[in-house]
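**Q** okay, predicted coordinates and the sequence, questions at the end:
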Amino acid sequence: MKLKRGDMILIAVVLIGALIFMVPRFFAGDDSEKLQNMNTFAKISVDGKPFKTVELTEEEQFVEVKTERGYNKLRIHNRGIEMAEADCPDDVCFTFGHITKPGQTIVCLPNRVLVEIIGESKGGDDTDAIVQ
C-alpha cells in the first residue's frame, strides 16, 4: 500500500498535535514537591450536607459514617484516604482506591456519601496574583 501525499500530511499533523499535548507534561515533572508544601484534608459530605473534615495524615485513623441509608468506614493513612468498609450493594466506592491529591473524590451513591480531597498551602500568606 502506497501512502499518498495527503495521507502523509494528515499523519504528520496528528503526530505534531499529540506531541504538543505530551511535551508540557513531560517537562512539568511530578507534583510531589507541591503536595509536600500543602496541607490536605478530606471533606466528607452525606446527602449533600457537610459531615466532617479531617486532615490527611501519615498515621492510620478511621472515620465512620452511619446514616439511615447505610454504613461507610473510611481509612486515613499515608496522607490519603480510602473506603475501608461499606454496606452498599454495588461496592463501586471501593474502586476509587487510595486518593491523595486535591480534586480527587470517592463516591458511594447508595449511601449518598461524598469524600473530596481539598488542599491549602502551609504558608498561608503566599501571593497568588497581583492585579493592577
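**A** Everything's here; your move.
**Q** where does this structure have low pLDDT?
**A** 1, 23-37, 121-132 (pLDDT under 70).
**Q** and the longest helix for it?
**A** helix 5-28 (DSSP state H).
**Q** with adjacent residues omitted, what lies nearest to the residue nearest to the spatial centre of the chain?
**A** Geometric centre of the chain, nearest residue: Q104, 1.7 Å, by C-alpha atoms, centre = their mean. Closest residue to Q104 apart from its sequence neighbours, by C-beta to C-beta, 6 or more residues apart in numbering: I117 at 4.9 Å. To be clear about C-beta, it is placed using only N, CA and C from the backbone, and glycine gets the same treatment.
**Q** contact partners of the helix or strand containing the one you found?
**A** Using DSSP states H and E, I117 maps to strand 113-121. Contact with strand 113-121 is made by 35, 37-46, 48, 51, 53, 56, 65, 67, 72, 74, 80-81, 83, 93, 99-108, as judged by C-beta atoms under 8 Å, 6 or more residues apart in numbering.
**Q** let's see it at 7 Å
**A** 37-46, 65, 72, 74, 81, 99, 101-107 (C-beta atoms under 7 Å, 6 or more residues apart in numbering).
**Q** hang on, the earlier thing: show me which residues of the longest helix of the chain are buried.
**A** Judged by neighbour count using 16 or more other C-beta atoms under 10 Å, helix 5-28 contains no buried positions.
**Q** who's the closest residue to P102 other than its chain neighbours bridged to?
**A** Among residues not flanking P102 along the chain, G119 sits closest, at 3.9 Å (C-beta to C-beta, 6+ apart). Applying DSSP bridges to G119 yields these beta-bridge partners: T40.
**Q** export stretch 57-65 as CSV, just CAs?
**A** Presented in CSV, the C-alpha positions along stretch 57-65 are these (Å, rounded to 0.1, in the frame of the first residue of the first chain):
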residue,chain,number,x,y,z
THR,A,57,-2.0,12.3,58.0
GLU,A,58,0.6,9.6,57.8
GLU,A,59,-0.9,7.9,60.9
GLU,A,60,-3.8,5.5,60.4
GLN,A,61,-7.2,6.6,61.6
PHE,A,62,-10.8,5.7,60.8
VAL,A,63,-13.9,7.7,60.2
GLU,A,64,-17.3,6.0,60.5
VAL,A,65,-20.3,7.4,58.6
